[in-house]
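Undergrad: Pasting the sequence and the predicted model now:
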Amino acid sequence: MVSQNGGSEVKSKRVLFGTDGVRDVANKGGMTPEMALRLGRAFILFLMEKEGVPRPRIVMGRDTRRSGMMLEGALAAGMTSAGAEVLSIGVIPTPGVSCAVKSLGVNGGAVISASHNPAEYNGIKFLDRDGCKLSDEAELSIEEYIGDNLTDDWRPTGASVGEVHSRPELVQNYAKHLAALPRCGVLPGKVAFDCAHGAEGVVMPLLIEMLGWNCPLIAVSSNGMNINDDAGVMHMEHLENYVTHFNCRLGFAFDGDADRVLAADARGRIIDGDILLWVLARWLLSQGLLGSGVVVTVMSNMALEGHLEREGIKVFRCPVGDRYVLDAMRHSGARLGGEQSGHIIADAFTSTGDGLCTALLFLKALSDLGEDPDTLVDRFGRYPQKLTNLPLREHETPDMEQVNAIAGVAQKRIEGTGRIFIRPSGTEPLLRILVEARETNLVEEVSRILVEELKDYCG
């Protein structure tokens, strides 16, 4: 299989929005306070004109980056200048904003976060009234509002100007929501949680107190510049070393806004999103909550498909990005979906990727299924994969027809035993090259050939 991303035609027309909102180095490029203000106004005007909401109410949250408060003020100013009521939570995971949107019955959400990116980056993403990320079409409409100078002339005055209300108690409400999820009665042993110096750090202490658990928490504190720094899902060696050194039974790591989770077993081996989906799918099937099957992205290992099909579970493939996972779930009737990277949605419990929800359900699934987490990696038996990120020239989009032509030649070398998948990143100037096959030597050889040829083409 050779493909660029499988995204819709609308996606290719967007300029500001990537696969996870608007993201750039904070205070320059596409993520300045001025841009945040314009995005806030555009989002509210979109809700008023396209959705017919006369005075939108929006829940807003952010992660722990130093630039977050700067952008928070600008985004709130933009939304209130268009007449919105903004409920500002402060630091909270992205799924916490989603939870608040649904529980309060407001018109949408706004999250200031660059997720797994380093501290100098930041971003803005919007949620709809169901707490889900906006569709490509909605984001395109917002971009059109930003480019329409006539929208700057429409400004409410007096009592029509919007308001900002501080709602920090919504962090505790989110923790209560998590505590009410199905959970195992007794933990399988010592379980550690790596909060990546991110938004999860404000929730985990509340949650483990509510659950009565005695769990080690690592990378909890934040100074605004250490988010994702040598911790979390981007640096799994941090959790791996902790788990093995302190004799933990299991460990979980999150990213900066806690919508992703990966795990490590007692031997420090990574339990990725594919293995989490494999276990959760079987548990949800036993609970009658799986629907028509499981949605996975084109990046998921071929071994996952084989395991699920042997269990009689249908698998649906979709493009990379949790918004596309959710869209495929809605169209297929599947009630579980996710990515190898740890974005997982179990729609009986959440409407967006939620790392902590996934971790709690995974612990419950292990308990109910009688699974030994230390056997999962060996039993899964993944096909060897190699993912290479090839830097692109700044502000340049590669000609994917040419890229696919180059990849098509390499595909013939692994026909019937593996696949090649190539796509430009939706958040960084990178071309992602995935090679997967039954034999490691073949994966290495084909990957090397591809990278060399595409390096000359992409620069």
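TA: The structure has been received and is ready for your questions.
Undergrad: Distance of the closest residue to residue 258 other than its chain neighbours relative to residue 259?
TA: The spatially closest residue to residue 258, leaving aside those adjacent along the chain, is residue 93, at 3.5 Å (C-beta to C-beta, 6 or more residues apart in numbering). (Each C-beta comes from the backbone N, C-alpha and C, glycine too.) Per C-beta to C-beta, to the nearest Å, residue 93 is found 7 Å from residue 259.
Undergrad: shared neighbours of these two, anything?
TA: Shared contacts of residue 93 and residue 259, defined by C-beta atoms under 8 Å, 6 or more residues apart in numbering, are found at 354-355.
Undergrad: so residue 296 is in which element?
TA: Here residue 296, judged by DSSP states H and E, is contained in strand 294-297.
Undergrad: Tell me how far that strand lies from the chain's centre.
TA: Distance of strand 294-297 from the chain centroid (C-alpha atoms, centre = their mean, to the nearest Å) equals 14 Å.
Undergrad: Point out the other elements, helices or strands, that the helix or strand following that strand touches.
TA: Counting by DSSP H and E, the next helix or strand C-terminal to strand 294-297 is helix 302-310. Packing partners of helix 302-310 (3 or more C-beta pairs under 8 Å, 6 or more residues apart in numbering; DSSP states H and E): helix 273-286, strand 294-297, strand 315-318, helix 376-380.
Undergrad: next helix or strand past the helix or strand of the chain with the lowest mean pLDDT?
TA: Of all helical and strand segments in the chain, the minimum by mean pLDDT, DSSP states H and E falls on helix 9-13, at a mean of 46. Going down the chain from helix 9-13, the next helix or strand is strand 22-25, by DSSP H and E.
Undergrad: so who does the residue lying closest to residue 166 once chain neighbours are set aside touch?
TA: Computed as C-beta to C-beta, 6+ apart, the closest residue to residue 166 that is not its neighbour in sequence is residue 88, at 5.5 Å. Neighbouring residues of residue 88 by C-beta under 8 Å, 6+ apart: 60-61, 72, 76, 164-167.
Undergrad: which among those gets closest to residue 141?
TA: residue 60 (20.0 Å; C-beta to C-beta).
Undergrad: For that closest one, list each beta-bridge partner.
TA: Beta-bridge pairing for residue 60 (DSSP bridges): residue 88, residue 110.
Undergrad: ok, back up a step: which one of the helices and strands packed on helix 302-310 lies closest to residue 356?
TA: Of the helices and strands packed on helix 302-310, nearest to residue 356 by C-beta to C-beta is helix 273-286, at 12.9 Å.
Undergrad: Okay, helices next: where are they in the stretch 351-459 of the chain?
TA: In the stretch 351-459 of the chain, the helices defined using DSSP state H, counting those that start in this stretch lie at 355-369, 376-380, 400-411, 440-458.
Undergrad: what residue ranges in the stretch 251-400 of the chain score low on pLDDT?
TA: For the stretch 251-400 of the chain, residues meeting the criterion pLDDT under 70 lie at 394-395.
Undergrad: how many neighbours does residue 89 have?
TA: Neighbour count of residue 89, defined by other C-beta atoms under 10 Å: 23.
Undergrad: should've said residue 364
TA: 18.
Undergrad: Who are the contact partners of the residue nearest to residue 258?
TA: Contacts of residue 93 were listed using C-beta under 8 Å, 6+ apart, and they are 61, 63, 174, 198-200, 203, 254, 257-259, 354-356.
Undergrad: Pick the one among the residues you listed closest to residue 148.
TA: Checking the contacts of residue 93 one by one against residue 148 (C-beta to C-beta), the nearest turns out to be residue 61, at 27.8 Å.
Undergrad: is it true that that closest one touches residue 92?
TA: Yes: judged on C-beta atoms under 8 Å, residue 61 makes contact with residue 92 at a distance of 4.1 Å.
Undergrad: shared neighbours, these two?
TA: Residues touching both residue 61 and residue 92 by C-beta under 8 Å, 6+ apart: 100, 199.
Undergrad: Can you give me the domain assignment for the chain?
TA: The record's domain parsing of the chain by automatic domain parsing lists 10-168, 173-380, 385-458.
Undergrad: what's the first-to-last distance across the second one?
TA: In terms of C-alpha to C-alpha, to the nearest Å, the two terminal residues of domain 173-380 are separated by 37 Å.
Undergrad: likewise stretch 188-208?
TA: 15 Å.
Undergrad: tell me which residues of that stretch are tucked away?
TA: 188, 190-204, 206-208 (16 or more other C-beta atoms under 10 Å).
Undergrad: Against residue 55, how distant is the residue in the chain sticking out farthest from the centre?
TA: Distance from the centre of the chain peaks at residue 158, with 39.3 Å (C-alpha atoms, centre = their mean). Computed as C-beta to C-beta, the residue 158 to residue 55 distance reads 14 Å.
Undergrad: filter the contacts of residue 88 to the buried ones?
TA: Of the contacts of residue 88, these count as buried by 16+ other C-beta under 10 Å: 60-61, 72, 76, 164, 167.
Undergrad: quick one: contacts for the residue lying closest to residue 120 once chain neighbours are set aside?
TA: Excluding its sequence neighbours, the residue lying closest to residue 120 (C-beta to C-beta, 6+ apart) is residue 25, at 5.5 Å. Applying C-beta under 8 Å, 6+ apart to residue 25 gives the contacts 31, 120-121.
Undergrad: Right, I'll leave it there.
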